[in-house]
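Chemist: just need the structure, nothing else, for what follows:
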Amino acid sequence: MKHPLLAPLASLLDKRGPPYPILGNLPGAALSWLAVETTRQAKGPVVVVTGTTARAESLYREMLFFAEHLQPVITLLPFPAWETLPFERLSPYGPIMGERIRALFRLTQTLGTGPVTAGDTAGHALTTVITTPVAMMRRTVPHDYLSTHGFSVSKGDQLNIAALRHFLGSAGYRLATQVEEPGEYAIRGGIVDFFPPGREDPVRLELFGDEVETLRLFDPITQRSTDRIQSVQALPVSEVILTEETVREFRSNFRHACGIGASEDELYKQVSKGEKSPGMEQFLPYFYTPAETFFDYLPPTTLFLLDTDALTEASHFDAEIQERLANLRQEIPDPYHPAPPRELYLEQTDFQNQLN
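Modeler: Next up, the predicted model:
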């Protein structure tokens, strides 16, 4: 490492010294530049942790600038927090879920356990995640579910429309009359439009009978087809993937938590039919036993770079969870039973231990 700003990180990259550096008092966009340069030399992914969503978005834009013309290409991944309050019976905004899923799926490829391993021939992962403690402290889908519940389709493949409709629904896609946002799909005769997370443009499949004749990108505003592509990968858009196994797990756990009145809950009724229900993501640990965390997606070679306010914000969020739960118990009578907080979130001390 020749640049003086990188010198303090040498022991981390070469000898795995202290667990993580807290980087403060860096001028301007220095943290963003530092993260990009560190990623070029780190053996594993680099995770930049800052206190707020606004700061994370700013860092991401700066890193895009610094990494734009670099070879080999560095993959920059926002991993945002849900915009919903803790325990709120609302589903997170679809594009936010899509960004989280895209980041998690990429991280499964840094683990080196599947057919694709992220990085170059020298073993550098070339992946930077930009996130916040709030995003990292929420538990998520186990990585084996995520890695096996996407699909790819290529020109000439045979497509079963009914099976595709079922898959897209269970993977969290919303049926729409016109596809405009990530996580939406529409089926009109032999034309299937869908907007996978992580793509800039939605995809249009044109069928001849059951055969995929063409795949095209299209403009979500004008709806006009544009470039042809040969294949596309579709990832789930929700961290709750509805399968026979996860629905069965949810029913058992929800009944155990809520008692005799569980079967009258609308969320329970809808999920029992294999249908998405508003707010079901707030009960994520009922679908997976156990749910995993962001840290479960990271290889041992991961390097964390912490902004000065990261640990403070983790502590604040831990307190917010407890305050929100206490308020809910006063405001909302039974039969609403939120998922136990420690099954849904990491405690601040656990979060810091994972960084170590």
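Chemist: and the helices in this structure, which stretches?
Modeler: With DSSP state H applied, the chain shows helices at 10-15, 30-41, 53-67, 94-108, 133-137, 143-148, 161-170, 244-258, 266-272, 284-287, 310-331, 341-344, 348-355, listed in chain order.
Chemist: least reliable of the ones you listed by average pLDDT, please.
Modeler: Among the helices of the chain, helix 10-15 carries the lowest mean pLDDT, a mean of 50.
Chemist: closest to the centroid, which residue in this protein?
Modeler: The centre of the chain sits closest to R100, judged by CA atoms, centre = their mean, with a distance of 1.8 Å.
Chemist: in terms of pLDDT, where does the nearest residue to that one once chain neighbours are set aside sit?
Modeler: With sequence-adjacent residues excluded and distances taken as CB to CB, 6 or more residues apart in numbering, R100 is closest to F79, at 5.9 Å. C-beta: built from backbone N, CA, C; applies to glycine. On the pLDDT scale, F79 is placed at 97.
Chemist: I'd say F79 and P133 touch.
Modeler: No: using CB atoms under 8 Å, F79 makes no contact with P133, being 11.2 Å away.
Chemist: which residues of the stretch 101-250 of the chain score low on pLDDT?
Modeler: With pLDDT under 70 as the threshold, the stretch 101-250 of the chain has low-confidence stretches at 112-124.
Chemist: switch the cut-off to 90
Modeler: 102, 105-126, 143-155, 159-174, 181-183, 196-200, 210, 230-238, 241-243 (pLDDT under 90).
Chemist: which residue ranges form the strands in it?
Modeler: Applying DSSP state E, counting those that start in this stretch to the stretch 101-250 of the chain gives strands spanning 127-131, 151-154, 174-175, 184-188, 191-194, 203-208, 211-218, 225-229, 231-234.
Chemist: deepest in the core, which of the ones you listed is it.
Modeler: Scoring the strands of the stretch 101-250 of the chain by mean neighbour count under mean count of other CB atoms under 10 Å gives strand 127-131 as the most buried, with a mean of 26.
Chemist: that one to helix 30-41, inter-axis angle?
Modeler: 150 degrees (axes from the mean of the first three to the mean of the last three CA atoms, to 10 degrees).
Chemist: which helices and strands does strand 127-131 pack with?
Modeler: helix 30-41, strand 46-49, helix 53-67, strand 75-79, helix 94-108 (3 or more CB pairs under 8 Å, 6 or more residues apart in numbering; DSSP states H and E).
Chemist: run through who's touching the fourth one.
Modeler: Contacts of strand 75-79 from elsewhere in the structure, counted by CB atoms under 8 Å, 6 or more residues apart in numbering, are 56-57, 60, 63-64, 67, 99-100, 102-104, 106-107, 118, 126-131, 135-136, 294.
Chemist: direction included, what does that strand pair against?
Modeler: Strand pairing for strand 75-79, using DSSP bridges, gives strand 127-131 (parallel).
Chemist: next, the angle from the strand it pairs with to helix 310-331.
Modeler: Using the same axes, to 10 degrees: strand 127-131 against helix 310-331 is 50 degrees.
Chemist: chain center to strand 127-131: distance?
Modeler: Strand 127-131 sits 12 Å away from the centroid of its parent chain (CA atoms, centre = their mean, to the nearest Å).
Chemist: please apply the same query to stretch 349-356.
Modeler: With CA atoms, centre = their mean, you get 20 Å for stretch 349-356.
Chemist: identify all contacting residues around it.
Modeler: With CB under 8 Å, 6+ apart, stretch 349-356 has contacts from P19, Y20, P133, M136, M137, T293, F295, F304, L306, L311, A314, L346.
Chemist: thinking again about what came up before, tabulate the helices of the chain (TSV), appending distance to R188.
Modeler: What follows is the helices of the chain, written out as TSV (distance: least, CB to CB, whole Å):
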stretch	distance to R188
helix 10-15	52
helix 30-41	43
helix 53-67	36
helix 94-108	21
helix 133-137	36
helix 143-148	29
helix 161-170	11
helix 244-258	29
helix 266-272	26
helix 284-287	32
helix 310-331	43
helix 341-344	39
helix 348-355	46
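Chemist: of all those, which one is nearest E211?
Modeler: helix 161-170 (12.0 Å; CB to CB).
Chemist: buried set for that closest one?
Modeler: By neighbour count on 16 or more other CB atoms under 10 Å, the buried set for helix 161-170 is L164, F167, L168, G169, S170.
Chemist: stretch 43-62 now?
Modeler: Under the neighbour-count rule (16+ other CB under 10 Å), stretch 43-62 has 43-53, 55-56, 58-60, 62 buried.
Chemist: same question, stretch 289-297
Modeler: Those would be A291, E292, T293, F294, D296, Y297, for stretch 289-297 by 16+ other CB under 10 Å.
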